[in-house]
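K.L.:
I would like to see how this sequence folds:
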Amino acid sequence: MAAFMTAYFALLRHPQFPVTVVPLQPLDRLVAFEPWALLPYASLWLYIALVPALLDLRREMAPYLSAVTLLCLLGCAAFLFWPTAVPRFAIDWSAYPPVAFLKAADDAGNACPSLHVAFAVLTALWLGWLLRRIGAPAVLHVLNIAWCLLIAWSALATRQHVALDLEIGALLGGAVALLHLRFWPGISLLN
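P.N.:
Predicted coordinates:
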């Protein structure tokens, strides 16, 4: 995680190529800015911690760590070769100090793909598999999907990302979880 965060912020602060502003889509106009969305946005860190806490360390940790590592590498490669940012929104961030702190730290760069959404989707798929494996009640499956969707919505509502970032992030997270782990011996997220 430390290596990823170091690379992430180095690429954010020192892009190697011209930064592309990701265009808005109709969904971006439908989702309003909501300062309280910072809470579900930050909840990603708790959400992704659920999976390693529930894994069988001997059998399942290696494929999970390989998926997370691959996702980090692909995200950093995208940020290296195609640095992106969201448009500047006409919002006085100083009126929303917690969101202003996020903007100062992350500055809405390294936007596409949204790794927030990529990790949320990867987590939703892994957690769904774990919940099925232990025979969890349906309500936990619904909560899992709802939490993933809430994180995705919050990425738009905080204006950290735009819809295209979410779409590509969801595809990336889903592809890593479903394609990479589908072929790991003894592990199948599709079971």
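K.L.:
how far does the lowest-mean-pLDDT helix or strand in the chain sit from the chain's center?
P.N.:
The helix or strand of the chain with the poorest confidence is helix 97-106; it has a mean of 81 (mean pLDDT, DSSP states H and E). Here the centre of helix 97-106 is set off from its chain's centre by 18 Å, with C-alpha atoms, centre = their mean, to the nearest Å.
K.L.:
for that helix, packing partners?
P.N.:
If contacts are counted by 3 or more C-beta pairs under 8 Å, 6 or more residues apart in numbering; DSSP states H and E, helix 97-106 sits against helix 38-42. Just so you know, the C-beta spots here come from the backbone N, C-alpha and C atoms, and that holds for glycine as well.
K.L.:
Kindly list the longest helix within this protein.
P.N.:
Secondary structure of the chain read by DSSP state H shows that its longest helix is helix 57-81.
K.L.:
Identify all contacting residues around it.
P.N.:
Helix 57-81 is contacted by residues 4, 7-8, 11-12, 15-17, 51-52, 55, 110, 112-113, 115, 118-119, 122, 126, 172-173, 176-177, 180-181, 184, 186-187 when judged by C-beta atoms under 8 Å, 6 or more residues apart in numbering.
K.L.:
repeat that for 7 Å
P.N.:
4, 7-8, 11, 16-17, 51-52, 55, 110, 113, 115, 118-119, 122, 126, 172-173, 176-177, 180-181, 184, 186-187 (C-beta atoms under 7 Å, 6 or more residues apart in numbering).
K.L.:
List the contacts of the spatially most central residue of the chain.
P.N.:
Closest residue to the average C-alpha location of the chain: H116 at 1.9 Å, with C-alpha atoms, centre = their mean. Contact analysis of H116 by C-beta under 7 Å, 6+ apart lists 41, 44, 151, 155, 161, 169.
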